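Engineer: After the sequence you'll find the predicted model.
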Amino acid sequence: MKNDPYKKAGVDIKAGNDLVYKIKKDVASTFDKNVFGNIGSFSGFYCLPKGYNDPVLVACTDGVGTKVSLAQKNSSLGTIGQDLVAMCVNDMITSGAKPLFFLDYFASSKLDVAETTKVIKGIAKACKKSNCSLIGGETAEMPNHYKGKNFDLAGFSVGVVEKKLIIDSSKVKENNIIIGIESSGAHSNGYSLINKLIKVSRLTKSEKEKLIKLALKPTHLYTNVILDLIKKVNVKSIANITGGGLTENIPRSIPEALSSQIYLDSWKIPPFFVSIQKLGKIQISDMLRIFNCGIGMTVVIEPKDLDATFKVLSKHKFKGFMIGKVINKSSSEITFL
């Protein structure tokens, strides 16, 4: 339309329609038999799966923070969608819930169809990996709110769990052991600090490129390994190691009457975190409070289930470590040795 007043104000309706056309097949490829309705409807529709006696719906929402800035600046948007899905479904599975469907929110100053297509294709791909249907989303152009080519992402996921099978910390006992499951890197937390250190560092160009490549590794999707594990092992509690690092997230999976003891020599902190610590001259106590330091998820189990747990992790190609145990309440919620 010539002289389109809305386009002159900064909102391009045609670009939005072009985007829907480009992502339609990818979105539809995530649908399972419980999805009905068409892409472009005002709402997404999903039938509650059969086989549950007392189903409880579980909902999560999250974003990827300033990892978006690093990805956009380095033209690496193909996997930021996996980060978004992972941040939501990894929280959800800590309760033992199975993700059912996902929705995304993409907001920018000006819609770049090519960039946005890469992001949403990445979201769809991650949803398929997690057996989760992408049933809707919102794309917003806000030219007077975001500056330049900046954009932001948010995700929303809903899952289901049998009420009597909800995992919380109520069954955790003294002398239960804590298993750490490897992370892929920083996942999607601590990037305001990472971005700052990369910017002010005196690294060579090749050193900086190597560090950025490691920083942009997509967040692990733990859905399949955790859902398999809870079928075969009596998992007492689970923690997703996100903002707050090991220091703040492990205690969330331990009852108030107990504490956790973590052995720092039980796994090797990956080189990426060692580099970040060195660049920022960061104390280990701060590293543990900001980053996952190589442990993306923890599960609390009984000692007798150790071998069975490692067998499941190996089947899904994840490394696991016996990183600690549950102890009587001490002066601190968590102690690092």
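Structural biologist: Cool, got the structure. Predicted, not measured: the structure shown is a model, and the values here were computed from it. Numbers count the residues shown, from 1 in each chain.

Engineer: May I have the residues that are in contact with V158?
Structural biologist: Contacts for V158 (CB atoms under 8 Å, 6 or more residues apart in numbering) come out as 46, 57-59, 99-101. (Glycine included, C-beta is placed from N, CA and C.)

Engineer: sec struct for it, please.
Structural biologist: Per DSSP: H, G, I helix; E, B strand; the rest coil, the local secondary structure of V158 is strand.

Engineer: Identify each buried residue in stretch 158-171, please.
Structural biologist: Neighbour counts over stretch 158-171 (16 or more other CB atoms under 10 Å) mark 158-161, 167, 169 as buried.

Engineer: For that stretch, measure first residue to last.
Structural biologist: Length of stretch 158-171, first residue to last, CA to CA, to the nearest Å: 25 Å.

Engineer: again, but for stretch 163-178
Structural biologist: Its first and final residues considered, stretch 163-178 spans 24 Å by CA to CA.

Engineer: outside of it, which residues touch it?
Structural biologist: Contacts with stretch 163-178, where a contact means CB under 8 Å, 6+ apart, come from 54-56, 94-97, 230, 235-238, 250, 252-255, 258, 260, 262, 298-303, 306, 322-328.

Engineer: Those residues in helices, which ones?
Structural biologist: Counting by DSSP state H, the part of these found in helices is 230, 306.

Engineer: okay, stretch 50-64 in CSV with CA atoms only?
Structural biologist: C-alpha atoms of stretch 50-64 as CSV (Å, rounded to 0.1, in the frame of the first residue of the first chain):
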residue,chain,number,x,y,z
LYS,A,50,-5.5,-39.1,27.9
GLY,A,51,-4.2,-41.5,30.5
TYR,A,52,-4.0,-39.2,33.5
ASN,A,53,-6.2,-39.9,36.6
ASP,A,54,-5.5,-36.6,38.4
PRO,A,55,-3.7,-34.3,36.0
VAL,A,56,-2.0,-31.1,37.1
LEU,A,57,-1.0,-28.4,34.6
VAL,A,58,2.4,-26.8,35.1
ALA,A,59,3.3,-23.5,33.6
CYS,A,60,6.7,-21.7,33.0
THR,A,61,7.8,-18.5,31.4
ASP,A,62,11.4,-17.2,30.8
GLY,A,63,13.7,-15.4,28.5
VAL,A,64,17.3,-15.6,27.4
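
Engineer: Contacts made by it with the rest, please.
Structural biologist: Outside of stretch 50-64, the residues within contact range by CB under 8 Å, 6+ apart are 48, 80, 83-84, 87-89, 91-92, 95, 97, 152-164, 166, 188.

Engineer: what's the burial count for the residue lying closest to S201 once chain neighbours are set aside?
Structural biologist: Distances taken as CB to CB, 6 or more residues apart in numbering put L279 closest to S201, at 5.4 Å, once the chain neighbours are dropped. Using other CB atoms under 10 Å, L279 has 18 neighbouring residues.

Engineer: who's in contact with L279?
Structural biologist: Shown in contact with L279 (CB under 8 Å, 6+ apart): 197, 201, 203.

Engineer: which of those residues tops the neighbour count?
Structural biologist: Highest count within these by other CB under 10 Å belongs to L197, 21 neighbours.

Engineer: secondary structure element for it?
Structural biologist: Following DSSP states H and E, one finds L197 within helix 191-200.

Engineer: which parts of that helix are buried?
Structural biologist: Quick answer for helix 191-200 (16+ other CB under 10 Å): 191, 193-195, 197-198.

Engineer: quick one: which of these is nearest Q283?
Structural biologist: Q283 has its nearest neighbour among these in L193, at 13.1 Å by CB to CB.

Engineer: Now do the contacts for the closest one.
Structural biologist: Shown in contact with L193 (CB under 8 Å, 6+ apart): 276, 280, 290.

Engineer: ok, now K149?
Structural biologist: By CB under 8 Å, 6+ apart, the residues touching K149 are 72, 108-110, 112, 115.

Engineer: thinking again about what came up before, now the buried members of the contacts of V158.
Structural biologist: 46, 58, 99-101.

Engineer: now, which of these lie within strands?
Structural biologist: Of the buried ones among the contacts of V158, the ones assigned to strands by DSSP state E are 46, 58, 99-101.

Engineer: Out of the residues you listed, the closest to Y222 would be?
Structural biologist: P99 (11.0 Å).
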